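Visitor: here is a sequence with its predicted model. Questions after.
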Amino acid sequence: MRAPASSASSSSSTASASGATRRALVFDLDGTLIDSLPDIVWSFRAAFEAEAVPAPAEADVRTLIGRPLEEMVAAFVSDGSDVTPICDAYRRIYPLHFTERTRPFPGATEVLAEVRRRGWATAVATTKRTSMATRLVTALGLDPYLDHVQGTDDLPHKPAPDVIHAALAALGAEGAWMVGDTVSDLQAGRAAGLRTYAVSWGTHDARRLAEAAPDVLEPDLWRLLELVPAAPS
């Protein structure tokens, strides 16, 4: 499937020709659109080593992906210890290694391109900071397929719906689906009033996602093309 000819910046109109409000799909980033866990986990463990603190096991780190960085670090240090040095180390290390093994999941680009071709807006709503998320999306070539990239920045973290609301406000669009790979993504999407699509190739496995009762649970993104019809012209 070919990429759309226009970039996200040139095709982010939020109204159709009929004047109707454009509808939007909101996606988490890490573990949903991109397979970034190897670079995140490696950088996280390297941050501990940089501060001469024993690094947690890779499997233990993976279970916490998607939570705020400070919460992740706090889970592996002594109670009351200052997590700032390790967090700062991670924020130095990760941007140097963030695309070494990270790639879009198979089909992610094609699905994004097709739903935009059908007239839907697409946005990322991620726990990452906006600046880092934008760098990552651009480096991986996903920016032509996204109308907006929204990081959490100073907003409350998922499962609060604030980052989703901010993404939709930036688009001026009505949200339809939240697509994510963690329970927090699903809870945030539900709190924002969206239907939820869980994809099990990321952080949380199908069993754990099923316990959160998503509207749809799939191993990948392809079923979105059955759920997202062409927008009215």
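Guide: Yes, it's here.
Visitor: in this structure, which spans are strands?
Guide: Remark: strands assigned in the chain by DSSP state E are 23-27, 34-35, 103-104, 121-126, 148-151, 174-180, 195-199, 216-218.
Visitor: if you count neighbours, what's buried in the longest one?
Guide: Of the residues in strand 174-180, 175-180 count as buried by neighbour count, 16 or more other C-beta atoms under 10 Å. Just so you know, the C-beta spots here come from the backbone N, C-alpha and C atoms, and that holds for glycine as well.
Visitor: each with direction, which strands does it pair with?
Guide: Next to strand 174-180 in the sheet, as set by DSSP bridges, lie strand 23-27 (parallel), strand 195-199 (parallel).
Visitor: tell me which of those sits most buried.
Guide: Most buried of those by mean neighbour count (mean count of other C-beta atoms under 10 Å) is strand 23-27; its value is a mean of 26.
Visitor: alpha carbons of that one, as PDB, please.
Guide: Provided in PDB are the C-alpha atoms of strand 23-27 (Å, rounded to 0.1, in the frame of the first residue of the first chain):
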ATOM      1  CA  ARG A  23     -13.700  11.600  13.600                       C
ATOM      2  CA  ALA A  24     -10.400  10.400  15.000                       C
ATOM      3  CA  LEU A  25      -8.500   7.300  16.000                       C
ATOM      4  CA  VAL A  26      -6.200   7.800  18.900                       C
ATOM      5  CA  PHE A  27      -3.200   5.500  19.300                       C
END
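Visitor: pLDDT (mean, whole number) over that strand?
Guide: Averaged over strand 23-27, pLDDT sits at 98.
Visitor: next, the angle from it to strand 121-126.
Guide: In terms of direction (axes from the mean of the first three to the mean of the last three C-alpha atoms, to 10 degrees), strand 23-27 departs from strand 121-126 by 30 degrees.
Visitor: contacts for strand 23-27 next, please.
Guide: Residues from elsewhere that reach strand 23-27, judged by C-beta atoms under 8 Å, 6 or more residues apart in numbering: 33, 115, 120-125, 147, 164, 167-168, 171, 173-180, 189, 192, 194, 224, 228, 231.
Visitor: now which of the residues you listed would you call buried?
Guide: Among the contacts of strand 23-27, the ones that count as buried (16+ other C-beta under 10 Å) are 33, 115, 120-125, 147, 164, 167-168, 171, 173, 175-180, 189, 192, 194, 224, 228, 231.
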